[in-house]
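K.L.:
Below are the sequence and a predicted model for it; my questions follow.
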There are 2 protein chains.
Amino acid sequence: MFRKLLTIEEAKTTIRQHFKPKPLGTEQVPLLQATGRILAENIIAQLNIPPFDRSTVDGYAVRAEDTFGAEETRPIQLELAGTINIGELPHVKITKGKAAEIVTGAPTPQGADAVVMTEHAERTDNTIRIYAPVVKDENIMKASSDIKKGQQLLTTCQPLGSREIGMIAAIGKPTIKVYKIPKVAVLSTGPEITEPGKRLTPGKIYDINAYTLSSAVTEAGGSPLYLGVIQDNLQQLQRALKRGLAQADMVITSGGVSVGPKDIMPSAANTLGKPGIIVSGISIKPGKPTTVASVFGKPIFSLPGHPASALLVMHLLARPLIQQLAGKEPQQSPQTKAYATARLFPAKGRRTYIMVTLKRSETGKQTAEPLPTSQSGAITTLAKADGYIEIPENTQFIEKDEQCIVHKFR
Amino acid sequence: MFRKLLTIEEAKTTIRQHFKPKPLGTEQVPLLQATGRILAENIIAQLNIPPFDRSTVDGYAVRAEDTFGAEETRPIQLELAGTINIGELPHVKITKGKAAEIVTGAPTPQGADAVVMTEHAERTDNTIRIYAPVVKDENIMKASSDIKKGQQLLTTCQPLGSREIGMIAAIGKPTIKVYKIPKVAVLSTGPEITEPGKRLTPGKIYDINAYTLSSAVTEAGGSPLYLGVIQDNLQQLQRALKRGLAQADMVITSGGVSVGPKDIMPSAANTLGKPGIIVSGISIKPGKPTTVASVFGKPIFSLPGHPASALLVMHLLARPLIQQLAGKEPQQSPQTKAYATARLFPAKGRRTYIMVTLKRSETGKQTAEPLPTSQSGAITTLAKADGYIEIPENTQFIEKDEQCIVHKFR
């Protein structure tokens, strides 16, 4: 059956329509382990902060009007009513002419409406001399002035960093609801592929892709499940895909460096459940043989065999989906601007992605050096590919020394 | 004893001299769990890649000279010598006039020095018609052309991302040596501080700093150990610090929102071991009461009590040290440029850090709105502080609408 290749945009739309990606579900985690997770609830303050009027300085709690007229040369004398302990409600009450010793953070006592800083007062036994007046509310942080009970502090889908963790701690919540981390099963296929750590027999090479892609799953905010190397045979592949679909939320395969996924993968995926293959080839270079299947609502991505190409298509298609399943906004790869060191030609009629090495000259100028596509199967290409330049289908070429956007793999 | 405050540079130098920060040690981890870790060995290829000459296309392995003169209209006929299986050494040998069927990635057979692509050949039974000539080595990736045995692939101290993980997999290494993750004990002090999850009695507030700082430890690449809230009393503090020093590589304390670490922390730290306090106050704002101790070669950072100030000093002093202990280059916080929305004044004679909120207008212009320092104790200040602007001691002010560098907390 002849089927027209999809454009990259059509492939993305098809994937979106089939999976309507939304977070997988939620789980409770201890706040101390929530760094980097995505919040799955609105955080509403269950208390006022501060919960009580508190002093913002070390000094003396007073009635402001008692200090009016105090001067450096003509201090006003007040009588010590007591000392306020931090961390408990004051037992002291301030009436006309009285003052209470107070430290930063302690609750101000009943009757007091200002605090005189230690630097502007002097104590001798039970007499406090005040050398400068204070106005009402001076040096007091009023109850609920920072946060009001019922106020929303954080919104669901917020990524949690140190500041957000601190804010949730402030209202006393020890555990929070976050989105589950998507599990992604990763496998390689090909009779010549050997798992690292095993003996390499003649004619074979080590598995690169499942390791690169597992690591890319981690970087995207997912949790990889390595299913190993599966022989290129329909039954074994079906069994591995079934296992992946049962244990994970997504499956990513790649054909090894040698065998494209075009032949056996569609058959395997199509027999597992409806609708089966939804994207069968994409009009991009590299990455043309990419297929995507949907089985019981879970995606199976079959990526090209060349390591750098597999990582590219992972970034283009699988990464945004992992991020959405994790509750994140799908994020573009980090971008940087650089000058092309050679004229770059797209493949005819296909969206073309040129792998580049980024270099910065002594003058600070950043250049993007294209890597030969003939060597896209090489490990050294994977090693050198800091990112890629995207060339639209209708572009004739990108000129040497033209400034381009480079999408970085990290 | 009167002691002149150190400048921030002097404080950094003192810390560097005392701790001569270097990675803590190494551990072996499975390659699949090494994403984000720091490599602690040079990775040397123990084999050639590819280990054998392999075909880069599907087609027919031939002697190049046998194809010379082949044309679309005048194909050259070769005899099929056999089929080469992928993943094993070929049993076929190519002699004059012979060709062998081969797939991408399979080893080329003895006698063959080129591969004709399927598109340029046609098979009928045991006869192969070649419609285009190939030259020597065409469509063959020679053994060791990608990576040579003994070649260094990665260097110690390299952070491990998907591409590096793939490269290490390529040479078959299933486990690697990485630097240990520094453990950082974090505690809060203050009789008014309550651990989140516990009942808040009158006069008390919840612990913010130990949570913010624990999360910042994670963000810096360390592993936090929460020691909880310690009462402001010498014995309990000594016991907690001892526990932290025994179980972790660094201790970070903060005085709660109310009590500065200036009083009790030096006494506690000085009694635990030599040399004790090495930094006692820094000429910065905020963060002046910051103290740093060295006990048996391990650092104790005592940060200011205000949440945003504590996070700031964490970023200035503790974060670089955590990164170095983790084997990383100490990284500056991410920076961005923004226009100040108001004139910014430094505190007289002190390096001043103004917390700012970053905003982007519809035209794309990014502005930095200063947060009032009077509210540096507020949670909302922590919430709004996307980063800080550093103002040197000798600067009079930063003008409104002047472009500044903002150091971001994330």
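P.N.:
Looks like it arrived, so ask away.
K.L.:
neighbours around A:A385, how many?
P.N.:
24 (other Cβ atoms under 10 Å in any protein chain shown). Using the backbone N, CA and C atoms, a C-beta is placed for each residue, glycine as well.
K.L.:
Contact partners for the residue nearest to it when sequence neighbours are not counted?
P.N.:
Leaving aside its chain neighbours, A:A385 sits nearest to A:M355 (4.0 Å; criterion: Cβ to Cβ, 6 or more residues apart in numbering or on different chains). Contacts of A:M355 were listed using Cβ atoms under 8 Å, 6 or more residues apart in numbering or on different chains, and they are A:A308, A:L312, A:P370, A:L371, A:T373, A:S376, A:T381, A:K384, A:A385, A:G387, A:Y388.
K.L.:
Same check on A:K348?
P.N.:
A:K348 neighbours (Cβ under 8 Å, 6+ apart): none.
K.L.:
Now it, what are its backbone angles?
P.N.:
phi -60, psi 120 (degrees, to the nearest 10).
K.L.:
Repeat that for A:D137.
P.N.:
According to degrees, to the nearest 10, A:D137 has phi 70, psi 0.
K.L.:
Next one: it relative to B:I379, how far apart?
P.N.:
19 Å (Cβ to Cβ, to the nearest Å).
K.L.:
where does A:Q17 land in three-state SS?
P.N.:
Secondary structure assignment for A:Q17 (DSSP: H, G, I helix; E, B strand; the rest coil): helix.
K.L.:
ok, it - how many residues close by?
P.N.:
The tally of other residues near A:Q17 (other Cβ under 10 Å) stands at 10.
K.L.:
and it, what pLDDT?
P.N.:
Looking at A:Q17, its pLDDT reads 94.
K.L.:
how near is it to A:I252?
P.N.:
20 Å.
K.L.:
cool, and A:K180?
P.N.:
18 Å.
K.L.:
neighbour count winner among these two?
P.N.:
Neighbours were counted for A:K180 and for A:I252 using other Cβ under 10 Å; A:I252 has more, 31 against 18.
K.L.:
Quick check: the more buried one touching A:A185?
P.N.:
Yes - A:I252 is in contact with A:A185 according to Cβ atoms under 8 Å; the separation is 7.2 Å.
K.L.:
Okay, strands next: where are they in the stretch 1-150 of chain A?
P.N.:
If DSSP state E, counting those that start in this stretch is used as the criterion, the strands of the stretch 1-150 of chain A fall at A:26-30, A:43-44, A:54-55, A:59-62, A:76-83, A:98-102, A:114-117, A:121-124, A:127-130, A:140-141.
K.L.:
could I get the ones you listed as JSON lines with mean pLDDT?
P.N.:
Shown next, in JSON lines, are the strands of the stretch 1-150 of chain A (pLDDT from 0 to 100):
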{"stretch": "strand A:26-30", "mean pLDDT": "98"}
{"stretch": "strand A:43-44", "mean pLDDT": "98"}
{"stretch": "strand A:54-55", "mean pLDDT": "94"}
{"stretch": "strand A:59-62", "mean pLDDT": "98"}
{"stretch": "strand A:76-83", "mean pLDDT": "97"}
{"stretch": "strand A:98-102", "mean pLDDT": "97"}
{"stretch": "strand A:114-117", "mean pLDDT": "98"}
{"stretch": "strand A:121-124", "mean pLDDT": "96"}
{"stretch": "strand A:127-130", "mean pLDDT": "98"}
{"stretch": "strand A:140-141", "mean pLDDT": "95"}
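K.L.:
burial count for the closest residue to A:I284 other than its chain neighbours?
P.N.:
Nearest non-adjacent residue to A:I284, counting by Cβ to Cβ, 6+ apart: A:R351, 4.7 Å away. If you count neighbours by other Cβ under 10 Å, A:R351 ends up with 20.
K.L.:
Repeat that for A:N139.
P.N.:
Count around A:N139 with other Cβ under 10 Å applied: 22.
K.L.:
Next, work out how far apart it and A:I102 are.
P.N.:
Taken as Cβ to Cβ, the span from A:N139 to A:I102 is 9 Å.
K.L.:
what do those two both touch?
P.N.:
Common neighbours of A:N139 and A:I102 (Cβ under 8 Å, 6+ apart) are A:S55, A:G59, A:V115.
K.L.:
mind listing what the last one touches?
P.N.:
Translated: A:V115. With contact set as Cβ under 8 Å, 6+ apart, A:V115 has these partners: A:55-57, A:59-62, A:102, A:108, A:134, A:138-140.
K.L.:
Would you mind trimming these to those in range of chain B?
P.N.:
By Cβ under 8 Å from any Cβ of the partner chain, the members of the contacts of A:V115 lying near chain B are A:T56.
K.L.:
which among the contacts of A:V115 gets closest to A:T201?
P.N.:
Of all the contacts of A:V115, the one sitting nearest A:T201 is A:T56; the distance, using Cβ to Cβ, is 73.6 Å.
K.L.:
how many neighbours does the closest one have?
P.N.:
22.
K.L.:
is stretch A:325-337 anywhere near chain B?
P.N.:
No - using Cβ under 8 Å from any Cβ, stretch A:325-337 never reaches chain B; the gap is at least 11.0 Å.
K.L.:
So for that stretch, first residue to last residue, what's the gap.
P.N.:
Start and end residues of stretch A:325-337 are separated by 30 Å (Cα to Cα, to the nearest Å).
K.L.:
can you pull the buried residues of it?
P.N.:
By neighbour count with 16 or more other Cβ atoms under 10 Å in any protein chain shown, stretch A:325-337 contains the buried residues A:L325, A:A326, A:G327, A:K328.
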